[in-house]
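Enquirer: return a 3D structure for these sequence lines:
(2 chains, ligands or ions: 2)
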There are 2 protein chains.
Amino acid sequence: MAVFDIISVIYTLYIFYMYLFIGEAFKTDLILENPLWVILAVILSFIRELSEQKLDLTRTYFNPAQIFILSFLTIIFIGALLLMLPKATQNGISFIDALFTSTSAVCVTGLIVVDTATYFTTFGQSIILFLIQIGGLGILTFASYFSYFFKGGSTYENQLTLGEMTNSQKVGDVFSTLKNIIIITAIVELIAAMLIFFTLNKTLIEKLSDRIFFSIFHAISAFCNAGFSTLSNSIYESGFQFNYTMQLIIIVTFVLGGLGFPIVVNIIKFLKHKTVNLFLFSSNSKIYKPWVLNINSRITLVTTFTLTVVAFAAFFILEYHNTLAQHSLYGKVVTALFGAATPRTAVFNSIDMNALAFPTVMVTFLLMWIGASPASTGGGIKTSTFAIATLNIFSLAKGKQRIEVFRREIADISVKRAFATIALSLIVIGSGIALITIFDPRKSLLNIAFESFSAYSTVGLSLGITSSLSSASKLIVIAIMFIGRVSMLSIIVALFKKVKHKNYRYPSEEITIN
Amino acid sequence: MAVFDIISVIYTLYIFYMYLFIGEAFKTDLILENPLWVILAVILSFIRELSEQKLDLTRTYFNPAQIFILSFLTIIFIGALLLMLPKATQNGISFIDALFTSTSAVCVTGLIVVDTATYFTTFGQSIILFLIQIGGLGILTFASYFSYFFKGGSTYENQLTLGEMTNSQKVGDVFSTLKNIIIITAIVELIAAMLIFFTLNKTLIEKLSDRIFFSIFHAISAFCNAGFSTLSNSIYESGFQFNYTMQLIIIVTFVLGGLGFPIVVNIIKFLKHKTVNLFLFSSNSKIYKPWVLNINSRITLVTTFTLTVVAFAAFFILEYHNTLAQHSLYGKVVTALFGAATPRTAVFNSIDMNALAFPTVMVTFLLMWIGASPASTGGGIKTSTFAIATLNIFSLAKGKQRIEVFRREIADISVKRAFATIALSLIVIGSGIALITIFDPRKSLLNIAFESFSAYSTVGLSLGITSSLSSASKLIVIAIMFIGRVSMLSIIVALFKKVKHKNYRYPSEEITIN
Ligand SMILES: [K+]
Ligand SMILES: [K+]
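Expert: Ligands and ions are numbered 1, 2, ... in the order given. Okay, here's the model as predicted:
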């Protein structure tokens, strides 16, 4: 299986290569020939692996968590090698910088050690764009796949032991999920690219092909929450800083990507249901109210909405006379919304990060750490984890033994998983800060901490120290980005041997905490 | 009840006052007249409140968590007023500094804004000593009282609702627990004081009465994990830095205090059981093995032992050529042991904190945050919380739904409480760091973070910025010390109205985490 895994990825990249070198008319007709089939090849080869597993269960060497991790590692390394091609950069790139850029793209982080705009050729930028798209789709696929198995009430960890994931009905479900993911991704990205295209000032980017490339690049980068930009100063670049319409389009795009596929599907289902009810059964619609919007969607939406409103208010008030001063009121609102949404769902910055007031930086820390929704292209400990942590505190305060919300009880295993996620995030971020400080003792602790949080939550914001880090620190940031992306819990699940619960149960005892 | 509460404390302090002003022979015969009866008065008045509650259940305004918090607040404020007495200081003290010192003493933290050795008179130092002793005993009492109710399998939060704590048998248990706490505290402190006394170099402290005062002060300060010292440079003071025997005595004393009363009682019971078995039933002792050492003791002892060994090794290796260089091998071992045990159980420093290598500082951060054992005089999130967090990660990694250890299952409510404890610690420490940085922007983030962690875990170590903080920051550190001491969970439990679980149960649902 391991050999097959590597061969299939190499095969895919061979197709990719062929396409790039033979298709010389590359620059101009990118929009017409959006190489969806290359991405499809990658994903299909991965599905073939899954079905392969089904056919030969006894010889399955890897569980899904291991496949997830290995495929990401493989793509990152091949991406790094691709970026080292002479055609990709203007003046060459070191392996560590290529690896950093590839990791940042595949993990849709957006931290950069070299300026994407000036350092890479359009060919290099296209490679980065492919890596972002593959990374984004890969995360959506795996995350939806994992979250699919959580639904049944049985845990993912148990599923692995029981081998239920290999029965054919579920593989069929995975296929249809995949198809939906690709369709939704393509539709959203296409619409976003077209809208961005129409907002562009023709005097800023003169060539039509460049405007098209710019639009596609930023649409994909936004939906995948990648944070890469072909502008040296991201959206803060003069000429784009005040293009509020484009910023609003980008916000909507990355919020959709950061909401996560299962929730978007659930919302679509909910809206459909509402519309149908409205037109057909408007008279007796009040009698039967099915629970269309599920508990996951509710928790995520409420948390996302609350965090965004609070962050927006904080940003607007704290920065009113600071970084927002140069904007009109409408501009202030858009820029504050951008600043409030960016740290969680992780895209471009439209302001100078170093000019932020200190309290805003602290709010950004918190927002980065919380991150986006589960099964999305965003990172962090996830809004659901944050919601469970908060609900847990309140239910303990009220003397409850069960955590209840929206007339549902949150399963104990979800609380444990949230707990582990938070604990592991602290371990990884803490170790990261400690190690970087050891290797770069002259950098300030604030900048290093910001970098670590940003890398772990695949946010991509920086206070500007990334490119001047030592090689050792760059490797550490690479590791943090990767761990943050695939999640430490997945890595640990992948590493440990599963234990079957036998027919026993030990007496349950309480532990003194305080 | 509120009025009664305040009156009883004022009455107690009236006795305390009378004693101090009438007993002019105060300095010399402190050892003979160890004013245990003053402390007794405080604790007895608190018990009277509890029994009062029993007599008049319908008119109980405060639950134990509220009494705990209010009594601590009251003692702190009265302590601050006492320290402002002209006789207490050489040259007077501001209210904020008095409040800081009082909070630090009552919460047995040990952070200082003025030098205890030179700023206060012996009278002032005695007040601090009383505050430490009252704070230490108060924590042991309340913590044992709270943990007592955890034992029954029912939760503390429910107990509050059900009012079970008011039945007479339980109040009787609280009385006997209290008696045991006072006896054990008195015995340990007396033995420690005598042992310290014999290690003292007569040339360093010439007067006998001063040597006695020094011994008592450090014995109480050590057992209560207070960290106050009558030496300007704590144990790092020349002449004491190389007194390894005294350091070993202090280590044993503060480790005993940091283990917590219920565990010490459990160990005594276990040793008794072993001894009895050894002498009486040595032939058939292998047939019946009762579980004398309970799960709480096992988890705490294993965690404490592991952390101490790891911290000792880290400290010994990292500091071998740095702060340990001037010591002999034996001295290196003792000093490393001191450095490894101090950040968790929170006492004196025997080395110059600012001279520590950076990795050692990071290890210290972690150790401070974890802190001591539950129901002890130490602070932090507690070893049991850390153990549950670790066990939770491993059991998820192994695909288990239950957390099992030592042939027992850890109750879900304990996992939730541990989760809440960690989440709340992050909120308090994070807010603390943010606020102090806002008020003292020139201080380095590392120093501020160290201060906040130290205050929250009532450790008392500092990188030296405490005294130069602004008044606003001092107030924040005071708040962190207080919250860290009474625990944020207790504060939240005290604030929220309890909700009774009615006869329903919502369907349980899993939440997607990743
Ligand atoms: K990002
Ligand atoms: K202390």
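Enquirer: could you give the number of residues near residue A:468?
Expert: Number of residues near residue A:468 (other C-beta atoms under 10 Å in any protein chain shown) recorded here: 11. For glycine as for every other residue, the C-beta is placed from the backbone atoms N, C-alpha and C.
Enquirer: can you check residue A:390 too?
Expert: Residue A:390, neighbours per other C-beta under 10 Å, totals 15.
Enquirer: can you tell me the SS state at it?
Expert: Here residue A:390 is recorded as helix under DSSP: H, G, I helix; E, B strand; the rest coil.
Enquirer: from ligand 1, how far off is the closest residue to it other than its chain neighbours?
Expert: The shortest distance from residue A:390 to any non-neighbouring residue, by C-beta to C-beta, 6 or more residues apart in numbering or on different chains, is to residue B:423 (7.9 Å). Distance, residue B:423 to ligand 1, by C-beta to the ion, to the nearest Å: 25 Å.
Enquirer: what's the offset of the host helix or strand of residue B:423 from the middle of its chain?
Expert: Secondary structure assignment for residue B:423, by DSSP states H and E: helix B:412-439. In terms of C-alpha atoms, centre = their mean, to the nearest Å, the centre of helix B:412-439 is set 18 Å apart from its chain centre.
Enquirer: C-terminal to that helix, what's the next element?
Expert: Taking DSSP H and E, what comes next after helix B:412-439 is helix B:445-456.
Enquirer: could you confirm whether that next one reaches ligand 2?
Expert: No: residues of helix B:445-456 are not located near ligand 2 by C-beta under 5 Å from the ion, the shortest gap being 8.4 Å.
Enquirer: and that helix, what other elements does it pack with?
Expert: Counting contacts by 3 or more C-beta pairs under 8 Å, 6 or more residues apart in numbering or on different chains; DSSP states H and E, helix B:445-456 is packed against helix A:445-456, helix B:358-370, helix B:412-439, helix B:471-486.
Enquirer: in the stretch 151-300 of chain A, what residue comes closest to ligand 1?
Expert: Going by C-beta to the ion, ligand 1 is nearest to residue A:227 of the stretch 151-300 of chain A, at 3.5 Å.
Enquirer: same question for the stretch 1-150 of chain A.
Expert: Distance from ligand 1 to each residue of the stretch 1-150 of chain A (C-beta to the ion) is smallest for residue A:110, at 3.9 Å.
Enquirer: over to that residue: give its phi and psi.
Expert: Backbone torsions of residue A:110, given as degrees, to the nearest 10, read phi 100, psi 0.
Enquirer: so how many other residues sit close to it?
Expert: When neighbours are defined as other C-beta under 10 Å, residue A:110 has 29 of them.
Enquirer: my read: it touches residue A:227, true?
Expert: Yes: using C-beta atoms under 8 Å, residue A:110 is in contact with residue A:227, at 2.4 Å.
Enquirer: got the residues of the stretch 351-500 of chain A near ligand 1?
Expert: Selection of the stretch 351-500 of chain A residues close to ligand 1 by C-beta under 5 Å from the ion yields residue A:460.
Enquirer: how many neighbours does the residue of the stretch 151-300 of chain A closest to ligand 1 have?
Expert: 29.
Enquirer: ditto for residue A:372
Expert: Neighbour count for residue A:372, taken as other C-beta under 10 Å: 28.
Enquirer: contact partners for it?
Expert: A:225, A:258-260, A:344-346, A:378-380, A:382-383 (C-beta atoms under 8 Å, 6 or more residues apart in numbering or on different chains).
Enquirer: relative to helix B:445-456, how tilted is the helix holding residue B:423?
Expert: With axes from the mean of the first three to the mean of the last three C-alpha atoms, to 10 degrees defining the directions, helix B:412-439 sits at 130 degrees from helix B:445-456.
Enquirer: which parts of helix B:412-439 are buried?
Expert: Neighbour-count burial for helix B:412-439 flags B:412-437, B:439 (criterion: 16 or more other C-beta atoms under 10 Å in any protein chain shown).
Enquirer: sorry, back to before: looking at the contacts of residue A:372, which gets the smallest pLDDT?
Expert: Lowest in pLDDT among the contacts of residue A:372 is residue A:346, which has 60.
Enquirer: my guess is residue A:469 meets residue A:440, correct?
Expert: Yes: under the criterion of C-beta under 8 Å, residue A:469 makes contact with residue A:440 at 5.9 Å.
Enquirer: the residue nearest to residue A:390 and residue A:422 touch, don't they?
Expert: Yes: counting by C-beta under 8 Å, residue B:423 touches residue A:422, with 7.0 Å between them.
Enquirer: and for those two, which residues touch both?
Expert: Joint contacts of residue B:423 and residue A:422 (C-beta under 8 Å, 6+ apart) are residue A:389.
Enquirer: where does pLDDT dip in the stretch 351-500 of chain A?
Expert: Regions of the stretch 351-500 of chain A meeting the criterion pLDDT under 70 cover residues A:351-352, A:497-500.
Enquirer: next, the contact list for residue A:232, please.
Expert: Taking C-beta under 8 Å, 6+ apart, we find residue A:232 in contact with A:115, A:117-118.
Enquirer: what about the helices in the stretch 101-250 of chain A?
Expert: For the stretch 101-250 of chain A, the helices defined by DSSP state H, counting those that start in this stretch cover A:116-119, A:122-150, A:156-162, A:168-199, A:208-223, A:244-259.
Enquirer: quick one: is the longest one near chain B?
Expert: No: among the residues of helix A:168-199, none lie within reach of chain B under C-beta under 8 Å from any C-beta of the partner chain; the closest is 13.8 Å away.
Enquirer: ditto for stretch A:466-482
Expert: No: residues of stretch A:466-482 contacting chain B under C-beta under 8 Å from any C-beta: none, with a closest distance of 13.9 Å.
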